[in-house]
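Peer 1: Sequence and predicted structure are below.
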Amino acid sequence: MKVIEGETPLAVADLIEDIIKDKKVCDLGCGVGTFMTALDKYSSEVIGIEDNYDWAMIASKKGFRVITENIFSFSLPEADVYYCWNLCAMGIYLKAKWEGTKGTFIFGHTVRKPLLNLINSLDCEVRTLPNSDWKVYITQL
């Protein structure tokens, strides 16, 4: 089943509500803030990191704090949960581990298949969106 664009972020937020409820969430590679808006439904605070200036400005205009910087050029900000739905998810996870970042790390479904073996070696909890094959992978840093 194809997940309709625009419904995915809310479905993901609902799926991980118990993890992000009343927590500070950092959206790694936040784009224009679509997922930030959905995560904000349950979290106490959502911050984003986005290296594309134009996209970061769009997310900022939605009322979010966005760090406009390449994610690999500085230490991640303190948060309870780090959410990453992009192709660099494993690299960002490894960076966070190397830096000693603490918290919960959530990988989105769009991770590349060769990385799934690595992700599965992390002893992740896997959750599937209802009525689809889209998954999130949850692990501790």
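Peer 2: That came through, no problem. Note that the structure is predicted; figures quoted are calculated from it, not measured. Residues are numbered from 1 along each chain as shown.
Peer 1: okay, CA-based contacts and neighbour counts for the rest of this
Peer 2: Will do.
Peer 1: gap between the closest residue to residue 129 other than its chain neighbours and residue 46?
Peer 2: In space, and not counting its chain neighbours, residue 129 is closest to residue 135: 6.1 Å by C-alpha to C-alpha, 6 or more residues apart in numbering. The spacing between residue 135 and residue 46, counted by C-alpha to C-alpha, to the nearest Å, is 21 Å.
Peer 1: check which helix or strand covers the spatially most central residue of the chain.
Peer 2: Centroid-nearest residue in the chain, with C-alpha atoms, centre = their mean: residue 83, separated by 1.9 Å. Using DSSP states H and E, residue 83 sits within strand 81-84.
Peer 1: Other residues contacting the helix or strand just after that strand?
Peer 2: Using DSSP H and E, the next helix or strand after strand 81-84 towards the C-terminus is helix 89-99. Here helix 89-99 makes contact (C-alpha atoms under 8 Å, 6 or more residues apart in numbering) with 71, 72, 75, 76, 105, 107, 108, 111, 115, 119, 141.
Peer 1: Who are the packing partners of the strand holding residue 83?
Peer 2: In terms of contacts (3 or more C-alpha pairs under 8 Å, 6 or more residues apart in numbering; DSSP states H and E), strand 81-84 is packed against strand 24-28, strand 104-107.
Peer 1: for this structure, what spans make up the helices?
Peer 2: Taking DSSP state H as the test, the helices found in the chain are 8-15, 17-20, 34-39, 53-61, 89-99, 113-120.
Peer 1: Of those helices, give the one that comes closest to residue 26.
Peer 2: helix 34-39 (8.6 Å; C-alpha to C-alpha).
Peer 1: OK, contacts around the nearest residue to residue 33 once chain neighbours are set aside?
Peer 2: Of all residues not flanking residue 33 in the chain, residue 59 sits nearest, at 4.4 Å (C-alpha to C-alpha, 6+ apart). Taking C-alpha under 8 Å, 6+ apart as the contact definition, residue 59 lies against 30, 31, 32, 33, 34, 66.
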